[in-house]
Structures are given as C-alpha cells and as structure tokens.
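> Structure here, sequence nowhere to be found:
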Ligand SMILES: NC(=O)c1ccc[n+]([C@@H]2O[C@H](COP(=O)([O-])OP(=O)(O)OC[C@H]3O[C@@H](n4cnc5c(N)ncnc54)[C@H](O)[C@@H]3O)[C@@H](O)[C@H]2O)c1
C-alpha cells in the first residue's frame, strides 16, 4: 500500500488550521502519526499549546494566527517554508458556527454576525488556500508530478441547512462551491483540491453551543451509526484523500447518511 508521506521526495509537511480543537486537532495528530511534520494553526494560542503539550516527537509545531488575516497567514507560510520545507498538505478546519435566525425578537440578524461567519469560514479558508497553492506550485513535483493536496471543510449545512443557519450555510456552501474551480485551476500545477462536508461530530464546536442548540443538534441521528461522528473519523478521511490521487474536485459528505431536518 502506498504511504502518502513517501509521495513527496523531500520532507512530508502539512499545515492544519483550527488545530487546537475538534476535527483539526485529530487531523494534525493523524498526519503527524503518519510521518508528516505539521504546523498546527489556531486563533487560540493557549489552547493550541496545551493541546499538543504531550506530543514529544517534535512532529507538530504550533503557530497562533487568525486565518482571515492576510499578513499573519503569509508569516505562517514563510516560517513553515524556512523551518520545515514547502507545504504538501493543507487541511482547513478553522471555522465558527454562530447560529442566528434572520428574523429575531430583537430585529433582523446583525450584519456583523453574518459578515464574521463569512470572514472566518470563507475568507479564512481561501486565504490559506491561496498561500498553500503558491508554495506547492513552486515545490518540486513528487509521485505523478503531484505537488500538493488541499482539503477544505464544508458541512452538510451547505446542502440541508436548518432554520438559524443562513450565515453558516452560506459560508459552507461557498467552501463547497470553490472546490471544483480550484481543482480545475490548480490541477495544472499538480495540486488537488477536495472538501469534506461533515454531519454532526462530537467536538467543542457542538458541545459549546447554547443548551437549546446543542439539544437540537445532538438529537439528530444518522441512519447508521446511531451516534455523533468522532474526530478520528474525519482525520481518517483526510488521510484517505491525501493517499488517493484520483480524488479531486469533489465534496464528500461524511455523515452516516444524515439529512438535517428544517429545525
Ligand atoms: N463539529 C461538527 O459537527 C461539524 C459539522 C460540520 C462542519 N464542521 C466544521 O468543521 C470545522 C472544525 O469544526 P470543529 O467541530 O472541530 O470545531 P471546534 O470549534 O472544535 O474547532 C475549530 C477551531 O477553529 C479555531 N478558529 C476559529 N476561528 C478561527 C480563526 N479566525 N483563525 C484561526 N482559528 C480559528 C477555534 O479556535 C477552534 O480551535 C469547522 O469549519 C466547522 O464548521 C463541524
């Protein structure tokens, strides 16, 4: 069986955003376990440091950055290139949910809330995509002349968003929609682009919701298995995507077959 860290010729390296918690945390650990040197990025510096404090093999480096900040992200990529080498795998997991109905008892949903969700989930994702693509393009090609793999995180809310999710669904729809044009453009540089649309996973994002929202979300059950997803299951799909060079330009639902109800 091919092992993806052997694809690249030089150092197998990855950048994972939103890595202090949940799906990003599981993915950073999985890639490091598979032989990658990983730069783990998150807004929350203290949580990031604490998350990987027990990791003693030196395979995970931590860097605090707001993914939507252009200069901050440029510094992350410059440091990764200098200290590790060109990034080969980017996994964008940083994201915020901020549920909010359009019409509320105190008036319409604040535009600031709407803008903030799009800022982190869409602009933040594209910010890291553009910088990873540049570094991958300039790196030597590996097996099949592959230069890199980008995995973004959409959501099933992109397709069956619930009441209270207009901002989140719009943002995750945008992440899903950018997959094909990115894959079409970057394919000529040997770069694949995929997205994963998780169903409901047991992470701090879900566990940290208001009690009412959490009750609604955690009561949802897929046809099988009858439980929430786990971070390691998301990380396993990232690993499969990175390993399989025929996967490109597609959004994969990882949801146990769940379809979100209206409310
Ligand atoms: N958990 C689920 O059920 C679920 C379902 C569908 C999609 N998703 C998506 O998966 C991704 C990971 O979610 P999770 O459940 O692991 O959430 P999480 O809250 O556990 O982790 C998200 C991480 O992103 C970080 N982050 C937030 N804003 C940031 C910013 N501006 N810059 C850098 N880092 C930032 C947070 O500090 C946090 O550590 C998100 O994009 C989320 O929308 C999650």
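Good, I have the coordinates. Since we're looking at a predicted model, the values are computed, not measured.
> got the contact list for stretch 109-124?
With contact meaning CB atoms under 8 Å, 6 or more residues apart in numbering, stretch 109-124 is reached by 17, 66-68, 92, 94-98, 100-103, 166-168, 170-172, 174-175. Placement of C-beta: from N, CA and C, glycine included.
> again, but for stretch 226-240
4, 22-23, 25-27, 29-31, 34, 91, 151, 196, 198-203, 206, 218, 221, 247, 252, 254-256.
> By mean pLDDT, point me to the weakest helix or strand of this protein.
Scoring the helices and strands of the chain by mean pLDDT, DSSP states H and E places helix 211-219 at the bottom, with a mean of 81.
> Is it positioned near the ligand?
No: on the criterion CB under 6 Å from any ligand atom, helix 211-219 is out of touch with the ligand, staying 7.3 Å away.
> Identify the residues contacting that helix?
99, 162, 164, 200, 206, 207, 209, 228, 263.
> Any chance of a PyMOL selection covering the buried ones in these?
Buried subset of these, written as a PyMOL selection, criterion 16 or more other CB atoms under 10 Å:
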select buried, resi 99+162+164+200+206+209+228
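> Now for the contacts of helix 211-219: which two are most distant?
207 and 263 (20.4 Å; CB to CB).
> on that earlier part again, buried ones in the least confident helix or strand of the chain, by neighbour count?
Neighbour counts over helix 211-219 (16+ other CB under 10 Å) mark 216, 217 as buried.
> cool, stretch 81-93 as well?
84, 85, 86, 87, 88, 89, 90, 91, 92, 93.
> Can you check the distance spanned by that stretch, start to finish?
By CA to CA, to the nearest Å, the extent of stretch 81-93 from end to end equals 21 Å.
> follow-up on the earlier one: of the contacts of helix 211-219, which belong to strands?
The members of the contacts of helix 211-219 all map outside strands under DSSP state E.
> Tally up the residues packed near residue 170, please.
Using other CB atoms under 10 Å, residue 170 has 17 other residues around it.
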